[in-house]
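Engineer: coords please:
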Amino acid sequence: MKTIVHINQHIIKANRKNGTRLPVITCKTYKTNTYAHEVVINGPCRIRYSPDKPLACGAHVWIETLSEVDCDPAT
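Structural biologist: A predicted model of the protein is given here:
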């Protein structure tokens with residue numbers, strides 16, 4: 001199953017402004033969105049930069065992989 005991993009810059013800025021520690025990493029599959037503080041990709045992956053065609057969430061840079069991804073879910 002393809003997984004897309006990206007960093008949410010808006011949450012990084014909000015954490016800095018508000019002194020919070022919300023998770024900034026998102027692991028997306030066709031059926032889930034998992035927010036995490038740490039991610040391990042267990043195999044090959046591809047890092048993409050697409051300024052002309054960003055993801056629906058607005059990300060211009062992300063990681064794609066068909067490998068297993070271990071997301072440390074935020075609680």
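
Engineer: Wasn't Ala59 part of a helix?
Structural biologist: No - counting by DSSP: H, G, I helix; E, B strand; the rest coil, Ala59 is not part of a helix but coil.

Engineer: which residues touch it?
Structural biologist: 6-8 (C-beta atoms under 8 Å, 6 or more residues apart in numbering). For glycine as for every other residue, the C-beta is placed from the backbone atoms N, C-alpha and C.

Engineer: Phi, psi for it please.
Structural biologist: Per-residue torsions, Ala59: phi -70, psi 130 (degrees, to the nearest 10).

Engineer: now it: how far from Gly19?
Structural biologist: Distance of Ala59 to Gly19, given as C-beta to C-beta, to the nearest Å: 25 Å.

Engineer: if I've got this straight, Lys13 is in a helix?
Structural biologist: Yes - per three-state DSSP, Lys13 lies within a helix segment.

Engineer: can you tell me the average pLDDT over stretch 37-48?
Structural biologist: Averaging pLDDT along stretch 37-48 yields 96.

Engineer: just to revisit the earlier point, buried subset of the contacts of Ala59?
Structural biologist: 6, 8 (16 or more other C-beta atoms under 10 Å).

Engineer: which stretches of the chain form helices?
Structural biologist: With helices called from DSSP state H, the chain shows them at 9-18.

Engineer: Give me the below-cutoff pLDDT ranges for it.
Structural biologist: Along the chain, segments meeting pLDDT under 70 span 74-75.

Engineer: ok, 80 please
Structural biologist: Scanning the chain for pLDDT under 80 picks out 73-75.

Engineer: Show me which strand runs longest in it.
Structural biologist: The residue-count maximum for a strand in the chain (DSSP state E) belongs to strand 33-42.

Engineer: now the angle from that strand to helix 9-18?
Structural biologist: 110 degrees (axes from the mean of the first three to the mean of the last three C-alpha atoms, to 10 degrees).

Engineer: Now do Val24: how many residues are near it, please.
Structural biologist: For Val24, the neighbour count with other C-beta atoms under 10 Å is 19.

Engineer: Please name the nearest non-neighbouring residue to it.
Structural biologist: Excluding the flanking residues, the one nearest Val24 by C-beta to C-beta, 6 or more residues apart in numbering is Ile11, at 4.7 Å.
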